[in-house]
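Colleague: next come a sequence and a model predicted from it.
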Amino acid sequence: MLGLFQTDSGLHLTCHQCRTRHRVRNSQTLKTRTRARCKQCRTPFVVVAAEAEQPASLASQVGDDPLETAAREDGPDTNVSAQTRRFGFAGNGGSLFGISLVNIFLTLVTCGIYMFWAKVRVRRYLFSQTEFAGDRFAYHGTGSELFRGFLKASLVFGIPYACLAMGPELLGMEVWMQVTARLMAGGLFVAFIPVATVGARRYRLTRTSWRGIRCSFVGSAWQYVKLYLTGATLNVITLGVYYPFFDARRQTFLVSHSCVGNQSFRFDGKGTGLAKDFCLAVLLTPVALGLNWFWYSAKRQRYYWERTSLAEGRFTFTGTGGEVCRLKVGNFFLLVFTLGFAWPWTSTRNARFVLDHLTFTGSADLDTLTQSLQSASPTGEGLDGFLDTGFELG
């Protein structure tokens, strides 16, 4: 939603996504809360007449677009508060589908080896279509890095795990030895989940940049292993009651050790902020057939984003449970009815939903960010793929 500002030549407004300036035609007859779209990027918004006394209908006049596109502004937006910066996503399912078709073909031809390069191509596209404060992100990872990381992860984790899980049975050992070995394999699997999470986060952040400034992660894998195993144990002992606190502690560690340039993110959320909602979601699950978790998911995202800050700014997320439900249910049917071929469209729908509801507000001067690059090994990324922990940047 954008407000209007008056000049000698009439009323003007500026699109918050692409910064294109528009002149309002027939401003004397303009109704407040008229719906319109940016001529440049087609972003929908609502025109709010600053001097309107009474709200009018939300529906705009059919075929009567009140906007005319003026020159694109290169300078700061004087209409929208300089303290609010928005995210945006310009990608579309068709473009990603073309990339996916090539990826599938080359992966089949190479017997699966190209999957690492395929993953990089998808990430580069998604990152390049993600915009913040007028500039887009970039992903600098390579397929060869992911491939080498996978090989290292296979040596570090895959071989020991396979030996413990299948070795005793193949060697014909006694049953109690087979059970013990499988328990040890399960313990190894659980222990490597936090290692993979930290390694993947470190690698992906160091391969991500905005305005040419790389991100980084400075957390210790061993610290996260202790946090994770302690929280998982308490979660089992309390039959899941401890989960919101465990989840908040993980979020605190991962966010507070993440940086962009020389600035660190901060997270001040606590488990108490979600404990009641989590318990209520568990109790309502049989009645609501699990659909109530969409509302908890939206609440969790709002809570976590609102307690995440960078420098003097803080994030805000406005997605609701109903919106999340429609998005996820719609994606589910798209994937089912297209036998999975709609994945590019569901991926772009997910990205656009999150970014359209995300803003950054505060007096932080982003021009003061400077580079503070830290190197990272792709082994953690390989472990993450091996264990399928589901971690994704953004």
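Modeller: The structure has been received and is ready for your questions.
Colleague: how about low-confidence regions in the stretch 51-200 of the chain?
Modeller: Across the stretch 51-200 of the chain, the ranges flagged by pLDDT under 70 are 51-82.
Colleague: switch the cut-off to 90
Modeller: For the stretch 51-200 of the chain, residues meeting the criterion pLDDT under 90 lie at 51-84, 133-134, 149-179, 181-182, 185-192, 196, 199.
Colleague: now the strands for it?
Modeller: Along the stretch 51-200 of the chain, the segments classed as strands by DSSP state E, counting those that start in this stretch run 67-72, 84-89, 130-132, 135-139.
Colleague: helices and strands around the third one, which ones?
Modeller: Judged by 3 or more CB pairs under 8 Å, 6 or more residues apart in numbering; DSSP states H and E, the packing partners of strand 130-132 are strand 84-89, strand 135-139. Where C-beta positions appear, they are placed from N, C-alpha and C, glycine not excepted.
Colleague: work out the gap between the longest one and the centre of the chain.
Modeller: In other words, strand 84-89. Between the mean C-alpha point of strand 84-89 and the mean C-alpha point of its chain there is a distance of 13 Å (CA atoms, centre = their mean, to the nearest Å).
Colleague: so what does that strand touch, helix or strand wise?
Modeller: Secondary-structure packing of strand 84-89 (3+ CB pairs under 8 Å, 6+ apart): strand 130-132, helix 343-356, strand 358-362.
Colleague: where along the stretch 201-350 of the chain do the helices fall?
Modeller: Counting by DSSP state H, counting those that start in this stretch, the stretch 201-350 of the chain has helices at residues 221-237, 243-256, 272-288, 292-306, 321-337, 343-356.
Colleague: for Arg349, find the nearest of the strands of the stretch 51-200 of the chain.
Modeller: Comparison of the strands of the stretch 51-200 of the chain against Arg349 by CB to CB identifies strand 84-89 as nearest, at 9.7 Å.
Colleague: tilt between the closest one and strand 135-139?
Modeller: With axes from the mean of the first three to the mean of the last three CA atoms, to 10 degrees defining the directions, strand 84-89 sits at 50 degrees from strand 135-139.
Colleague: pull up the pairing partners for strand 84-89, direction included.
Modeller: strand 130-132 (antiparallel), strand 358-362 (antiparallel) (DSSP bridges).
Colleague: got a list of what Leu126 touches?
Modeller: Residues in contact with Leu126, defined by CB atoms under 8 Å, 6 or more residues apart in numbering, are Gly91, Leu96, Tyr139, Ser347, Ala351.
Colleague: which of those has the most neighbours?
Modeller: Across these, neighbour numbers were computed from other CB atoms under 10 Å; Leu96 holds the maximum, 23 neighbours.
Colleague: ok, and the closest non-adjacent residue to it?
Modeller: Across the structure, with CB to CB, 6 or more residues apart in numbering as the measure, the residue nearest Leu96 apart from its sequence neighbours is Pro344 (3.6 Å).
Colleague: equivalent analysis for Ser256, please.
Modeller: Phe267 (5.3 Å).
Colleague: Ser309 versus that neighbour, what's the distance?
Modeller: As defined by CB to CB, to the nearest Å, Phe267 lies at a distance of 8 Å from Ser309.
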